[in-house]
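[1] Here is a sequence with its predicted model. Questions after.
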Amino acid sequence: MASRSARTSPDKQRRLDGSSHRPLPVLDSKSEKSEFVTPMELPKAVSQFTSKQYSVENKATMGTDFPGSVKLLANEVASKLAIGDGKEPFANVMNSSDSGCKVSGDNSVEQEKKMSGHGVSPGSAKVSDGNSSFAKTSGSAKISDRIDYVESGKSSMCRGSTCSDVSDESSCSSFSSSVNKPHKANDLKWEAIQAVRAKDGVLGLSHFRLLKKLGCGDIGSVYLSELSGTKCYFAMKVMDKGSLASRKKLLRAQTEREILQSLDHPFLPTLYAHFDTEKFSCLVMEFCPGGDLHTLRQRQPGKHFSEQAVKFYVAEVLLALEYLHMLGIVYRDLKPENVLVREDGHIMLSDFDLSLRCSVSPTLVKSSSLDAEPLRKNSAFCVQPSCMEPTSCITPSCVAPTTCFGPRFFSSKSKKERKSKNEIGNQISPMPELVAEPTGARSMSFVGTHEYLAPEIIKGEGHGSAVDWWTFGIFLYELLFGKTPFKGSGNRATLFNVVGQPLRFPESPMVSFSARDLIRGLLVKEPQHRLAYKRGATEIKQHPFFEGVNWALIRCASPPEVPKPVDFERMIVPAASTSEKPAAVSVLANPGPKNSDNYLEFDFF
Ligand SMILES: Nc1ncnc2c1ncn2[C@@H]1O[C@H](COP(=O)(O)OP(=O)(O)OP(=O)(O)O)[C@@H](O)[C@H]1O
């Protein structure tokens with residue numbers, strides 16, 4: 001969600017986005033603003049920061065106990081990131097600026113041909129984001145060198161676009177229904193949208209009253225909107241298609257939309273509708289009145305949450321990440337800014353434009369206490385969701401809980417053998433344990449936020465779902481201590497700290513042993529030794545920090561804080577006092593005639 005730079009926070013520049021149109025700030029420890037590099041130059045910029053400089057700088061920040069092994073690691077990083085030797089780890093990224101690549105299970109690279117430009121229906125055509133492009137994000141940027149080499153031991157990445165029940169732009173759209181979103185079955189907002197569709201055929205911008213600009217991100221602006229005359233309020237993300245095309249961000253927008261379409265989870269956003277006008281692409285989502293956890297944290301005494309509150313927030317985030325992984329989505333951008341607080345105080349993870357999609361092949365790890373031996377090496381125990389198709393893994397039907405939790409088991413053992421074990425187990429065998437997460441996926445993208453980047457991303461070694469467990473550790477640390485663990489004097493120092501500096505905890509606030517132990521398990525530099533690397537979220541859920549958490553009923557638990565009710569009518573910005581550009585003011589003051597969506601001009605980016 002919003003970068004820190006958009007706020008008054010002193011640590012404004014921690015977010016870096018190689019996909020923004022503004023060049024990346026060079027990784028300079030003295031001044032984060034003075035120099036800029038392109039993403040292709042980024043490794044060079046890092047490599048220019050030699051191991052010698054690194055150890056000098058870190059001696060200054062770390063005192064005299066700078067371990068030799070860290071220096072060695074720094075040497076290794078510097079040499080790995082060196083360019084011009086033919087071994088530069090970002091070479092693939094650099095050479096593939098306008099094509100997406102996918103690596104299938106057999107390691108064959110497939111080039112995706114793409115189209116870009118106006119008038120291309122994102123739902124019907126593949127579009128190029130040109131990757132490696134830059135744009136301003138409110139004074140800071142996020143790294144996104146988006147050439148996703150997705151490689152799973154079992155399956156290939158899917159980029160298939162799907163028909164959606166929320167689309168108003170393609171022939172497959174027809175009417176919205178909650179058929180594919182069982183959690184929304186009784187939602188009045190779904191019904192209100194359906195009623196408009198039933199009356200007017202399609203839903204468009206003219207059906208909404210834009211009340212207030214909530215914020216703007218790299219690819220669009222978000223408005224609090226009312227479905228006119230219904231008192232149903234939404235957050236509408238409005239993206240200028242021309243601007244997306246010229247900044248090569250169409251694919252990013254498409255990724256976000258397709259992911260949103262596929263979600264149906266209490267801690268993830270509901271996409272109520274999306275539609276395109278000639279000029280704009282609009283996503284109609286659930287509105288979260290509680291702001292984000294970054295802002296909320298700043299308001300806490302000592303600017304950190306209590307351990308109890310942290311447990312609540314991170315538990316919900318964990319469930320959201322687990323669900324995303326089960327859909328084959330590696331989130332990659334976890335940070336407090338992207339965790340919004342709903343009306344009821346529960347959380348909603350937002351912002352999917354940096355996410356990576358791959359298909360999943362759920363694996364049975366433990367079928368019962370009697371069958372407790374890890375079985376992942378035995379492919380006969382894999383479970384394939386019924387919706388797995390090579391061309392489209394992001395389909396709403398994938399998310400039906402029955403496919404996640406009621407899989408068919410394929411076993412190499414005979415029915416007879418299995419039956420006898422079940423009988424011995426007295427039919428009270430515990431729930432089977434599955435890994436349905438893309439633990440084997442690999443991407444070479446350079447995406448994320450400095451302080452949250454996993455070491456394997458910085459080192460360009462390729463990364464998979466374990467990056468989300470690293471960021472989960474940083475997130476947990478930040479909520480507890482009010483700061484991130486590896487922040488350096490500048491972005492470059494931060495990156496080197498992430499890779500080479502050991503984890504340390506501040507003396508205050510006092511934090512329980514189990515919290516620190518969980519953080520230690522998550523912030524292991526080598527992904528293969530990191531907690532959750534093998535069995536995903538299950539490993540984290542079982543950690544003593546979460547003792548007492550009722551995972552199944554967490555959505556019924558009392559949140560630490562419930563936002564004050566919003567008086568929506570009072571949120572309407574009077575034309576005279578708004579800081580919007582005149583055209584946008586006129587939109588707020590006068591929604592204009594129906595079906596005249598395209599006269600609007602928004603104040604973007
Ligand atoms: N569902 C929502 N409810 C309330 N506010 C929202 C919602 N979605 C977004 N916002 C607000 O709008 C701002 C912009 O959100 P958006 O997702 O476009 O951008 P971002 O995450 O900052 O950027 P980027 O797209 O570059 O990752 C957010 O910072 C947040 O304040």
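    That came in fine, so what should we check first? Residues are numbered from 1 along each chain as shown.
[2] and the next element down the chain from the longest helix along the chain?
    For the chain, the helix with the greatest residue count under DSSP state H is helix 307-326. Once helix 307-326 ends, the next helix or strand along the chain (criterion: DSSP states H and E) is strand 329-330.
[3] Could you report the neighbour count for Ala273?
    29 (other Cβ atoms under 10 Å). (C-beta placed from N, C-alpha, C; glycine too.)
[4] separation between it and the ligand?
    14 Å (Cβ to the nearest ligand atom, to the nearest Å).
[5] and that residue, that's in a strand?
    Yes - counting by DSSP: H, G, I helix; E, B strand; the rest coil, Ala273 is located in a strand.
[6] Tell me the pLDDT of it.
    Note on Ala273: pLDDT of 95.
[7] Settle this for me: it is touching Glu286, isn't it.
    No - counting by Cβ atoms under 8 Å, Ala273 does not reach Glu286; the two are 11.5 Å apart.
[8] returning to that earlier point: pull out the buried positions in the longest helix of the chain.
    307, 309-326 (16 or more other Cβ atoms under 10 Å).
[9] same thing with stretch 287-299?
    Quick answer for stretch 287-299 (16+ other Cβ under 10 Å): Phe287, Cys288, Pro289, Gly290, Gly291, Asp292, Leu293, His294, Thr295, Leu296, Arg297.
[10] for those residues, which one is nearest Arg516?
    Nearest to Arg516 out of the buried residues of stretch 287-299 is Arg297 (Cβ to Cβ; 18.8 Å).
[11] Where does the closest one sit, in terms of helix or strand?
    Applying DSSP H and E, one finds Arg297 within helix 293-298.
[12] Show me what that helix is packed up against.
    Applying 3 or more Cβ pairs under 8 Å, 6 or more residues apart in numbering; DSSP states H and E, one finds that helix 293-298 contacts strand 339-341, helix 466-481.
[13] Can you tell me which of these is most buried?
    Most buried of these, by mean neighbour count (mean count of other Cβ atoms under 10 Å): helix 466-481, with a mean of 26.
[14] That one packs against which elements?
    Right, helix 466-481 is packed against helix 293-298, helix 307-326, helix 455-458, helix 513-522 by 3+ Cβ pairs under 8 Å, 6+ apart.
[15] which stretch in these has the least confidence?
    helix 455-458 (a mean of 92).
[16] other SSEs contacting it?
    strand 446-448, helix 466-481, helix 491-500.
[17] Identify whichever of the ones you listed lies nearest to Ser350.
    Across those, closest to Ser350 is helix 466-481 (Cβ to Cβ), at 14.0 Å.
[18] Could you count how many residues lie near the nearest residue to Lys189 once chain neighbours are set aside?
    Once flanking residues are discounted, Lys189 sits nearest to Cys232: 4.8 Å by Cβ to Cβ, 6 or more residues apart in numbering. If you count neighbours by other Cβ under 10 Å, Cys232 ends up with 22.
[19] go on, Ala253?
    23.
[20] Same question for Glu526.
    11.
[21] can you tell me how far it sits from the ligand?
    Distance from Glu526 to the ligand, by Cβ to the nearest ligand atom: 28 Å.
[22] what residues are up against that residue?
    Pro455 (Cβ atoms under 8 Å, 6 or more residues apart in numbering).
[23] hmm, back to that, the longest helix of the chain vs helix 466-481, what angle?
    170 degrees (axes from the mean of the first three to the mean of the last three Cα atoms, to 10 degrees).
[24] Which strands or helices does helix 307-326 pack on?
    Helix 307-326 is packed against strand 347-349, helix 466-481, helix 537-541, with contacts defined by 3+ Cβ pairs under 8 Å, 6+ apart.
[25] quick one, what contacts the residue nearest to Lys189?
    Per Cβ under 8 Å, 6+ apart, neighbours of Cys232: Leu188, Lys189, Ala192, Ile193, Glu226.
[26] follow-up on the earlier one: lowest-confidence stretch among the helices and strands packed on helix 455-458?
    strand 446-448 (a mean of 60).
[27] Can you pull the phi/psi pair for Met285?
    phi -120, psi 170 (degrees, to the nearest 10).
[28] Run a quick neighbour tally on it.
    With other Cβ under 10 Å as criterion, Met285 counts 20.
[29] Surely Leu321 and Ala537 touch.
    Yes - proximity of Leu321 to Ala537 meets the contact threshold set by Cβ under 8 Å, at 6.4 Å.
[30] quick one on the thing from earlier: the helix holding Arg297 near the ligand anywhere?
    No - contact of helix 293-298 with the ligand (Cβ under 6 Å from any ligand atom) is absent, the minimum separation being 8.4 Å.
[31] And the contacts of that helix?
    Under Cβ under 8 Å, 6+ apart, the answer for helix 293-298 is 4, 7, 9, 290, 303-305, 313, 335-337, 339-341, 347, 478-479, 482, 561.
[32] With only the CA atoms kept, save that helix in PDB.
    Extracted as PDB, the C-alpha positions of helix 293-298 are listed here (Å, rounded to 0.1, in the frame of the first residue of the first chain):
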ATOM      1  CA  LEU A 293      -0.500  -0.800  10.300                       C
ATOM      2  CA  HIS A 294       2.400   1.600   9.600                       C
ATOM      3  CA  THR A 295       0.200   4.600  10.500                       C
ATOM      4  CA  LEU A 296      -1.400   2.700  13.400                       C
ATOM      5  CA  ARG A 297       2.000   1.800  14.800                       C
ATOM      6  CA  GLN A 298       3.100   5.400  14.800                       C
END
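[33] Roughly how far does Ala192 sit from Tyr272?
    Taking Cβ to Cβ, to the nearest Å as the measure, Ala192 falls 9 Å from Tyr272.
[34] more neighbours, these two?
    Tyr272 (26 against 18).
[35] from what I can see that one touches Val284, true?
    Yes - look at Tyr272 against Val284 with Cβ under 8 Å: they come within range, at 4.6 Å.
[36] Run a quick neighbour tally on the residue nearest to Ser306 when sequence neighbours are not counted.
    Excluding its sequence neighbours, the residue lying closest to Ser306 (Cβ to Cβ, 6+ apart) is Pro560, at 7.4 Å. The number of residues packed around Pro560, counting by other Cβ under 10 Å, is 17.
[37] I'd assumed Pro560 was in a helix, is it?
    No - under three-state DSSP, Pro560 sits outside any helix and is assigned coil.
[38] related to what we said a few turns ago, quick one: which of the buried residues of stretch 287-299 is nearest to the ligand?
    Cys288 (3.8 Å; Cβ to the nearest ligand atom).
[39] who touches that closest one in this structure?
    By Cβ under 8 Å, 6+ apart, the contact list for Cys288 reads Ala235, Leu340, Val341, Arg342, Glu343, Met348, Ser350.
[40] restrict the contacts of helix 293-298 to those near the ligand?
    Okay, of the contacts of helix 293-298 touching the ligand (Cβ under 6 Å from any ligand atom), that's Leu340.
[41] Need the phi and psi values for Phe280.
    Torsion angles, degrees, to the nearest 10, at Phe280: phi -120, psi 150.
[42] hang on, isn't it packed against Gly242?
    No - Phe280 is not in contact with Gly242 according to Cβ under 8 Å; the separation is 9.3 Å.
[43] And the two? Which one has more around it.
    Phe280 (24 against 14).
[44] Now do that one, the pLDDT please.
    96.
[45] and if you look at the one 4 residues further on?
    With respect to pLDDT, Val284 has a value of 97.
[46] Surely it touches Glu226?
    No - between Val284 and Glu226 there is no contact under Cβ under 8 Å: 11.2 Å.
[47] Looking at the two, which is more packed in?
    Val284 (27 against 22).
[48] is it true that that one lies in a helix?
    No - counting by three-state DSSP, Val284 is not part of a helix but strand.
[49] Report the contact partners of it.
    166, 193, 203, 208, 225, 234-236, 271-275 are the contacts of Val284 under Cβ under 8 Å, 6+ apart.
[50] ok, now Pro565?
    Contacts of Pro565 by Cβ under 8 Å, 6+ apart are Pro289, Glu343.
[51] again, but for Gln300
    Ser306.
[52] From Gly482, how far out is it?
    Taken as Cβ to Cβ, the span from Gln300 to Gly482 is 8 Å.
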